[in-house]
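Engineer: need a structure here:
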Amino acid sequence: MSLQQIEQQVAQLSAAELKEFSGWFDAYMADEWDKRIESDVQAGKFDKLFAEIEAEAGRGELQPL
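Structural biologist: Residues are numbered from 1 along each chain as shown. All right, here's what the predicted structure looks like:
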């Protein structure tokens, strides 16, 4: 199914169906985001940032939010 076909199908949903689909899609996208972040963490993409945070914490430079 093409993106255009999906868009056409979504446009034909009733208000209740659109609300249900929207909830499902939001949850789906949140799960995909979590997977991407986890993958980036495993690949070491945040290692430098984590090291900087740990160094700042060790120097007492971090303040609670």
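
Engineer: just for this structure, where's the confidence low?
Structural biologist: Within the chain, no range satisfies pLDDT under 70.

Engineer: Centroid-wise, who is the farthest residue in it?
Structural biologist: Taking C-alpha atoms, centre = their mean as the measure, the residue most remote from the mean C-alpha position of the chain is Arg59, 31.4 Å away.

Engineer: Closest to the centroid, which residue in the chain?
Structural biologist: Trp33 (2.5 Å).

Engineer: Can you identify each of the helices in this structure by residue range?
Structural biologist: Counting by DSSP state H, the chain has helices at residues 3-11, 15-42, 47-58.

Engineer: Could I get the ones you listed in CSV, plus columns for distance to Pro64?
Structural biologist: (Glycine included, C-beta is placed from N, CA and C.) Below are these laid out as CSV (distance: least, C-beta to C-beta, whole Å):
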stretch, distance to Pro64
helix 3-11, 43
helix 15-42, 23
helix 47-58, 11
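
Engineer: out of the ones you listed, which comes closest to Leu65?
Structural biologist: helix 47-58 (13.5 Å; C-beta to C-beta).

Engineer: so what's Ile53 closest to, chain neighbours aside?
Structural biologist: In space, and not counting its chain neighbours, Ile53 is closest to Leu62: 7.5 Å by C-beta to C-beta, 6 or more residues apart in numbering.

Engineer: for Glu61, phi and psi?
Structural biologist: Dihedral pair for Glu61: phi -90, psi 0, per degrees, to the nearest 10.

Engineer: what's around it, how many residues?
Structural biologist: 9 (other C-beta atoms under 10 Å).

Engineer: Great, nothing more from me.
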